[in-house]
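**Q** Okay, structure incoming, though there's no sequence with it:
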Ligand code: NAD
């Protein structure tokens with residue numbers, strides 16, 4: 001192993017709050033976790049403390065000679081939150097705002113997501129602090145290779161398996177595979193990373209999986225009567241924030257399913273067309289110009305206006321903390337589907353729930369990505385290639401099962417608030433007023449219960 005500087009997990013440092021709201025993603029993940037634990041009185045306090053914190057966080061710092069002739073130092077992180085249910089799994093992000101706490105939060109969400117959807121992985125996440133817009137492809141390849149070599153045996157097919165995330169894609173995953181293969185030659189290393197190009201062991205349907213999973217989950221929730229008067233996405237007006245892998249493909253798939261995409265945005269622009277945006281034209285325009293701005297037939301709007309647009313469905317598909325205490329009152333959507341990880345803060349969650357606006361939470365809604373990553377991992381181990389119908393059929397079964405389970409769990413919790421309060425009292429737990437649980441809390445309860453059960457079945461080592 002290449003001796004990365006391993007930093008022991010410490011309680012998250014306090015970051016300044018924005019207004020009255022603490023926007024540190026790891027603090028938010030911990031608040032969500034704590035809230036869910038109120039509804040699981042049977043779990044031992046010590047186990048809760050363990051599950052709340054990441055197993056490890058690796059920090060690496062390395063130099064790269066960039067194509068402009070400069071030498072620059074980059075910082076990269078890989079956090080393994082929990083491996084109770086299987087190897088670590090989670091994307092690698094390239095973004096200037098990557099931080100230790102962001103990676104910790106994203107890794108913990110992966111643990112709960114894998115448990116919600118039922119794939120046998122734990123949670124992990126990584127990132128490199130960089131601005132890809134100012135780097136060449138060669139720079140990014142060097143950064144990727146050096147990051148992977150510095151992580152050494154901290155990643156591996158049965159240890160921790162990366163995947164794409166913000167500003168990384170199939171090409172980046174191919175570089176990760178190639179680098180790992182160079183230093184671990186002589187065995188089948190394809191399952192070390194997922195989201196690879198299809199001709200390099202990638203799975204058919206992986207590129208679309210996150211968005212397709214969102215659609216499957218949303219359709220199931222709507223068909224179950226979650227949102228009054230909306231039994232399907234057909235005919236629904238949809239606003240999408242973020243037009244990358246998750247957002248642009250969600251636009252295509254929701255439009256195919258009969259929805260009308262009325263506004264989209266990326267990091268540079270937001271545009272609107274109430275009569276409906278053609279997703280294929282938007283993808284072509286973004287490929288040509290680098291942004292959705294200036295798309296023919298659309299009107300420019302601000303990022304704030306985009307989120308406040310009246311619509312049936314809002315799909316945040318960009319970054320964390322987009323819907324927060326400061327803008328939640330302006331939200332006019334009837335249903336929010338979190339394609340992104342962590343787009344809604346706890347303050348916004350409470351306000352939306354009070355207004356009857358349901359949020360299909362990230363750890364359920366966007367779990368299609370990791371589900372098809374799991375299918376890719378299986379195919380790589382077996383040296384098989386499943387056809388697309390098989391992949392999508394299995395994905396639909398996983399998403400449907402998980403959505404049903406979360407909806408059912410929410411009903412169970414909300415139908416037994418008095419019994420849960422009594423159980424808490426019997427166990428001598430602090431007195432709290434248990435409020436009706438939202439879908440995020442129900443999803444967490446399902447996930448935490450699953451991971452805790454397996455932790456105890458295995459027995460705490462040694
Ligand atoms: P991506 O890099 O392909 O796309 C990100 C998009 O968001 C880009 O269009 C970018 O311009 C836009 N964006 C960035 N900042 C923005 C802002 N402030 N306002 C509006 N748009 C902004 O990344 P992705 O893979 O699509 O990931 C998007 C989100 O989905 C992330 O939260 C990621 O963790 C989550 N996610 C992705 C996957 C996956 O398989 N790719 C799986 C699960 C969850």
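**A** Arrived safely, thanks for sending. In this text the structure is predicted, and so the values were computed from the model without any measurement.

**Q** contacts, neighbours, all on C-alpha from now
**A** Noted.

**Q** Okay, and residue 220 sits in which element?
**A** Assigned by DSSP states H and E, residue 220 belongs to helix 206-223.

**Q** same question, residue 264
**A** Here residue 264 is assigned to strand 260-265, by DSSP H and E.

**Q** try residue 142
**A** helix 137-151.

**Q** The next helix or strand after the helix holding residue 220 and the ligand in contact?
**A** Downstream of helix 206-223, the first helix or strand assigned by DSSP H and E is strand 237-241. Yes. Contact of strand 237-241 with the ligand (CA under 6 Å from any ligand atom) involves residue 241.

**Q** tilt between strand 237-241 and strand 260-265?
**A** Orientation check (axes from the mean of the first three to the mean of the last three CA atoms, to 10 degrees): strand 237-241 against strand 260-265 gives 20 degrees.

**Q** now for strand 237-241, which elements pack on it?
**A** When contacts are defined as 3 or more CA pairs under 8 Å, 6 or more residues apart in numbering; DSSP states H and E, strand 237-241 packs onto helix 245-256, strand 260-265, helix 303-308, strand 311-316.

**Q** Quick check: buried residues in the biggest helix by length in the chain?
**A** As assigned by DSSP state H, the longest helix anywhere in the chain is helix 388-414. Within helix 388-414, the residues that count as buried by 16 or more other CA atoms under 10 Å are 391-392, 395-396, 398-403, 405-407, 409-411, 413-414.

**Q** So if we follow the domain assignment, how does this protein break up?
**A** 1-53+208-366+439-457, 54-190 (automatic domain parsing).

**Q** so how far does the last one reach from one end to the other?
**A** Spelled out, that is domain 54-190. Chord length of domain 54-190, first to last residue, is 26 Å (CA to CA, to the nearest Å).

**Q** quick one: that domain to chain centroid distance?
**A** Offset of domain 54-190 from its chain centre (CA atoms, centre = their mean, to the nearest Å): 14 Å.

**Q** one step back: now the weakest link among the domains of the chain, please, by mean pLDDT.
**A** Here the lowest mean pLDDT among the domains of the chain goes to domain 1-53+208-366+439-457, at a mean of 93.

**Q** mind checking how far that domain is from the chain centre?
**A** Worked out by CA atoms, centre = their mean, domain 1-53+208-366+439-457 lies 8 Å from the chain centre.

**Q** Show me where the stretch 301-450 of the chain has its helices.
**A** Using DSSP state H, counting those that start in this stretch, the helices of the stretch 301-450 of the chain run over residues 303-308, 346-354, 362-365, 368-382, 388-414, 417-426, 439-458.

**Q** now do the stretch 51-200 of the chain
**A** Secondary structure of the stretch 51-200 of the chain, counting by DSSP H, counting those that start in this stretch: helices at 100-117, 137-151, 170-183.

**Q** deepest of the ones you listed, which one?
**A** The highest mean neighbour count among these, using mean count of other CA atoms under 10 Å, belongs to helix 100-117: a mean of 27.

**Q** what packs against it?
**A** Using 3+ CA pairs under 8 Å, 6+ apart, helix 100-117 is in contact with helix 25-37, strand 71-82, strand 88-95, strand 123-129, helix 362-365, helix 368-382, helix 388-414, helix 439-458.

**Q** Report the contact partners of the closest residue to residue 330 other than its chain neighbours.
**A** In space, residue 330 comes closest to residue 308 once its chain neighbours are excluded; the distance is 5.2 Å by CA to CA, 6 or more residues apart in numbering. Remark: with contacts taken as CA atoms under 8 Å, 6 or more residues apart in numbering, residue 308 is in contact with 330-333.

**Q** need the residues you listed in JSON lines with distance to residue 269 and neighbour count, can you?
**A** JSON lines is the format used below for the contacts of residue 308 (distance: CA to CA, whole Å; neighbours: other CA atoms under 10 Å):
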{"residue": "330", "distance to residue 269": "19", "neighbour count": "14"}
{"residue": "331", "distance to residue 269": "19", "neighbour count": "21"}
{"residue": "332", "distance to residue 269": "20", "neighbour count": "16"}
{"residue": "333", "distance to residue 269": "20", "neighbour count": "21"}
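
**Q** I'd say residue 248 and residue 283 touch.
**A** Yes. Under the criterion of CA atoms under 8 Å, residue 248 is in contact with residue 283, at a separation of 6.8 Å.

**Q** Those two: who's more crowded?
**A** Comparing residue 248 with residue 283 by other CA atoms under 10 Å, the one with more neighbours is residue 248, at 24 against 20.

**Q** what's the residue closest to the geometric middle of this protein?
**A** Nearest residue to the geometric centre of the chain (CA atoms, centre = their mean): residue 341, 3.8 Å.

**Q** Relative to residue 459, how far out is that one?
**A** Applying CA to CA, the value for residue 341 to residue 459 is 31 Å.

**Q** quick one: residue 396 and residue 215 touch, right?
**A** No. Here residue 396 does not reach residue 215: they are 9.4 Å apart, not a contact under CA under 8 Å.

**Q** and the stretch 351-462 of the chain, which of its residues are near the ligand?
**A** Residues of the stretch 351-462 of the chain lying near the ligand (CA under 6 Å from any ligand atom): 366, 369.

**Q** If we use 8 Å, what do you get?
**A** Contact residues (CA under 8 Å from any ligand atom) of the stretch 351-462 of the chain with the ligand: 362, 366-370.

**Q** what's the nearest residue to whichever residue of the stretch 351-462 of the chain sits closest to the ligand if we skip its chain neighbours?
**A** Per CA to the nearest ligand atom, residue 369 is where the stretch 351-462 of the chain lies closest to the ligand, at 4.5 Å. The shortest distance from residue 369 to any residue other than its chain neighbours is 4.1 Å, reached at residue 210 (CA to CA, 6+ apart).

**Q** pretty sure the one you found contacts residue 364?
**A** No. With contacts counted by CA under 8 Å, residue 210 stays clear of residue 364, the gap being 10.6 Å.

**Q** More neighbours: which of the two?
**A** The neighbour comparison of residue 210 against residue 364 (other CA under 10 Å) goes to residue 364, with 29 against 26.

**Q** so the more buried one makes contact with residue 404?
**A** No. Taking contacts as CA under 8 Å, residue 364 lies outside contact range of residue 404: 10.6 Å.

**Q** hmm, back to that, and the residues of the stretch 351-462 of the chain next to the ligand, which is closest to residue 89?
**A** Closest approach between these and residue 89, by CA to CA: residue 370, at 7.8 Å.

**Q** thought the closest one was touching residue 115?
**A** No. Using CA under 8 Å, residue 370 makes no contact with residue 115, being 10.9 Å away.

**Q** For residue 179, which non-adjacent residue is closest in space?
**A** residue 145 (5.8 Å).

**Q** what sits against the residue of the stretch 351-462 of the chain closest to the ligand?
**A** Each residue near residue 369 by CA under 8 Å, 6+ apart is listed here: 206, 208-211, 213.

**Q** now, among the contacts of residue 308, which is nearest to the ligand?
**A** residue 331 (15.4 Å).
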